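Next input, structure requested:
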Amino acid sequence: QVQLVESGGGLVQPGGSLRLSCAASGFTFSNYRMSWYRQAPGKERELVAGISSSSDSTNYADSVKGRFTISRDNAKNTVFLQMNVLKPEDTAVYYCNAAGWAFKWNIYWGQGTQVTVSS
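Numbers count the residues shown, from 1 in each chain. You can find the predicted model right below:
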């Protein structure tokens, strides 16, 4: 049974930091590209950051470049999103995503964790 369980969300003041974690199970984590998406109220879900299976490449949305860092620990089946200098416009539900091949193309989603940036 595939599971992606996000944690680390919460309420933070503008300029603050949060570190999101996503613990994966039920599939071969080290074979999958991992990404973080977010969805703000009334808006479409958007890609925030992605990391290759071996961590040799990452990509970021322009809006978070220089502030967010994605990383992964394949030994612990976990992907992280370090978010610094948070802004009110970063407020959203953040979702963990896994994409990769195992006999067929698979895409998995977590349940999401709320991040609220407000004073």
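
what residue is smack in the middle of this structure?
residue 36 (2.6 Å; C-alpha atoms, centre = their mean).

Is it correct that it is in contact with residue 70?
Yes. In this structure, residue 36 is within contact of residue 70 by C-beta atoms under 8 Å, at 6.4 Å. All C-beta spots, glycine's among them, are computed from the backbone N, C-alpha and C.

which residues do the two both contact?
Contact criterion C-beta atoms under 8 Å, 6 or more residues apart in numbering; residues shared by residue 36 and residue 70: 49, 50, 79, 81.

Need the three-state assignment for the third one.
Translated: residue 79. strand (DSSP: H, G, I helix; E, B strand; the rest coil).

pLDDT wise, what is it at?
Looking at residue 79, its pLDDT reads 98.

Can you show me the helices along this protein?
Assigned by DSSP state H, the chain shows no helices.

counting contacts, what elements does the longest strand along it pack onto?
The residue-count maximum for a strand in the chain (DSSP state E) belongs to strand 92-101. On a contact count with 3 or more C-beta pairs under 8 Å, 6 or more residues apart in numbering; DSSP states H and E, strand 92-101 meets strand 3-7, strand 18-25, strand 33-39, strand 105-109, strand 113-117.

what about dumping the CA coordinates of that strand to PDB?
What follows is strand 92-101, C-alpha atoms only, in PDB (Å, rounded to 0.1, in the frame of the first residue of the first chain):
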ATOM      1  CA  ALA A  92      -1.300  27.000   0.600                       C
ATOM      2  CA  VAL A  93      -1.800  23.300   1.100                       C
ATOM      3  CA  TYR A  94       1.500  21.600   0.200                       C
ATOM      4  CA  TYR A  95       1.400  18.200  -1.400                       C
ATOM      5  CA  CYS A  96       4.100  15.600  -1.800                       C
ATOM      6  CA  ASN A  97       4.200  13.900  -5.200                       C
ATOM      7  CA  ALA A  98       6.100  10.800  -6.500                       C
ATOM      8  CA  ALA A  99       6.500   9.900 -10.200                       C
ATOM      9  CA  GLY A 100       8.300   7.000 -11.700                       C
ATOM     10  CA  TRP A 101       8.300   3.700 -13.500                       C
END
